[in-house]
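Colleague: Sequence and predicted structure, then a few things I'm wondering about:
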Amino acid sequence: MEITKNALTLSYENDLKYEEGKCDENDAETPYALAMEIEDPEERARVIEAINARRRGCYERHHGDKSHIVSEFAKEHNIDVATAEKIFSMAAHKDDGNDRGVEIQSPDRLKDEMQHFAAKKRWQGAIGAVKDEVRLQSELEEWNYAVMARWVSLYRTEDMEPEHRPYMTVGFVVVQVIFFIVYAVIQGDSVEYASPSVGPESFFMEIVDVGSCTISCQGGENVYAITEYVDQRAEIWRYFTYSICHIGYGHLFGNAVVEIILGVPLDMVHGSLRMAAVGVLSILGGALTISWGDPYLAVVGSSGYGFGLIGVHFGNLILNWKDLHDATTLPPIPNNVLRLGILLVLGLFLNSSWIVSKVNDEDDGTSHAAHLGGFVAGLLFSVPILRELGRHRYQHQLRIGATVLGCAYLLFGVIWTASQWRPTWLIYNSSSWDPERDWCSAGGEVGEIYGATC
């Protein structure tokens, strides 16, 4: 609001200068530059139009003003200003040239030259005004396109505010890489593509530590039993620190690539603070979903955050659907439709292992609960947190609804985690990893070694 006021005030002050005959062609640049700093595109367009409406007469008044024409004519013909003023009056048919106070040589010739000179200056002013307005309008369109309508781009201009540099996205990837390298060196691990897990076990998202499996012989048959279940639900840091631990460098590299591709364009448009807030909530959403989706798994990796970024892209698309429609990068496909198609294809690609495992009725060894929770949290919380590219009535209700749903989703996860001991599944199926069924039983991993009879 302050920028708008300053831009219009400066434009008005320049307008007064125009009326006083003190027009400077460069005066229009400063209020226009101020208006370009307005974030809301609709308000920015309104202010630009107001400034343009006031400054359209700048060139005409500057080049077509009598004092300017007279002074330029005097310089070009090497005569004094008083003589030039007399010739101007004659050319305007306001003087018959009989004033003996000013002697004019060849008055008819100079009168004709003055008429042509004045007409030329006025046309220069009119043409200059049109050219300048077209140039400034082109700059405005390029600025809007670069900042608001890019899909994946490392575009950056020197006048962008620091918050539009991808500090959050790049910084989080750097933290993961440094943590991975430092911990592996300290522990002396020989890190391979998919093994071992790099990070302390106290950092893993694991709400229950399953004890050892005991075997006793009863009636000629082996009886399997888990000794204890250690409650780790109150170790709050686990709900966040699991995102910086990875299973080998292949796991780390894959997550880092996804985060860079998806995170950088969002970070540059919406700023690192907004992206940090959405990122933390996505990581938390993934952790709380694990508590009712895969409660007995020890989960590591930042893929919950990566899937959260997909949700953020969907949220950005929903929030700014109308504004992104006109920002077409591949005519005749509207930009919002193009983005939706890319997101759907990307979502299918990133979930391909899960789809294949379901088709083949196999377990791919991945916690898709973290992916689901990260996506849902990223989608719901991006709507109230991200920046609006334009202001529309539907956005207010959309923000309220998304906030309520997002908070309800996290609250459900908190209540479920706190109330279920021993941990249990919201939806139990054959792909759910059950330690009693899949590990410590006659038909589980231990049973395959020791058998059913003793």
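Modeller: That came through fine.
Colleague: what about the stretch 101-250 of the chain, any weak spots by pLDDT?
Modeller: The model of the stretch 101-250 of the chain has pLDDT under 70 over residues 101-105, 125-164, 189-197.
Colleague: before we move on, what about the stretch 351-454 of the chain?
Modeller: 358, 361-365.
Colleague: host element of the one residue sitting closest to the centre of the chain?
Modeller: The centre of the chain sits closest to Leu266, judged by Cα atoms, centre = their mean, with a distance of 2.4 Å. For Leu266, the host element (DSSP states H and E) is helix 248-270.
Colleague: can you give me the helices in the stretch 301-450 of the chain?
Modeller: Ranges of helices in the stretch 301-450 of the chain, per DSSP state H, counting those that start in this stretch, are 303-319, 321-325, 335-350, 352-359, 368-385, 393-419, 445-450.
Colleague: Out of those, which is closest to Pro107?
Modeller: For those, the distance to Pro107 is smallest for helix 321-325, at 62.9 Å, taking Cβ to Cβ. C-beta: built from backbone N, CA, C; applies to glycine.
Colleague: can you tell me the average pLDDT over that closest one?
Modeller: Helix 321-325 shows a mean pLDDT of 80.
Colleague: which helices and strands sit right next to it?
Modeller: Helix 321-325 sits against helix 335-350, with contacts defined as 3 or more Cβ pairs under 8 Å, 6 or more residues apart in numbering; DSSP states H and E.
Colleague: Just the buried residues of the helix holding Leu266, please?
Modeller: Buried residues in helix 248-270, counting neighbours by 16 or more other Cβ atoms under 10 Å, are found at 248-249, 251-252, 254-256, 258-260, 262-270.
Colleague: do the same with stretch 234-248
Modeller: Arg238, Tyr239, Thr241, Tyr242, Ser243, Ile244, Cys245, His246, Ile247, Gly248.
Colleague: ditto for stretch 309-327
Modeller: 309-321, 323-324, 327.
Colleague: what's the closest of those residues to Val70?
Modeller: Checking the buried residues of stretch 309-327 against Val70 with Cβ to Cβ, the nearest one is Ala327 at 49.4 Å.
Colleague: which stretches of the protein form strands?
Modeller: 197-198, 208-210, 213-218, 221-226, 229-231, 246-247 (DSSP state E).
Colleague: from the ones you listed, which stretch is densest packed?
Modeller: strand 246-247 (a mean of 23; mean count of other Cβ atoms under 10 Å).
Colleague: elements contacting it?
Modeller: Here strand 246-247 touches strand 197-198, going by 3+ Cβ pairs under 8 Å, 6+ apart.
Colleague: distance of Asp323 from Glu72?
Modeller: 47 Å (Cβ to Cβ, to the nearest Å).
Colleague: Next, count neighbours for the residue nearest to Asp80 when sequence neighbours are not counted.
Modeller: Among residues not flanking Asp80 along the chain, Ala74 sits closest, at 6.4 Å (Cβ to Cβ, 6 or more residues apart in numbering). Ala74 has 18 neighbouring residues, counting by other Cβ atoms under 10 Å.
Colleague: just Asp112 next, same as before
Modeller: Asp112: 12 neighbours (other Cβ under 10 Å).
Colleague: The one 5 residues further on too?
Modeller: The tally of other residues near Phe117 (other Cβ under 10 Å) stands at 21.
Colleague: That one - nearest residue in space that isn't next to it in sequence?
Modeller: Closest to Phe117 by Cβ to Cβ, 6+ apart is Phe73, at 5.4 Å.
Colleague: How about Ala91?
Modeller: Met114 (4.0 Å).
Colleague: Am I right that the one you found is in contact with Ile87?
Modeller: Yes: Met114 sits in contact with Ile87 when judged by Cβ atoms under 8 Å, with a separation of 4.8 Å.
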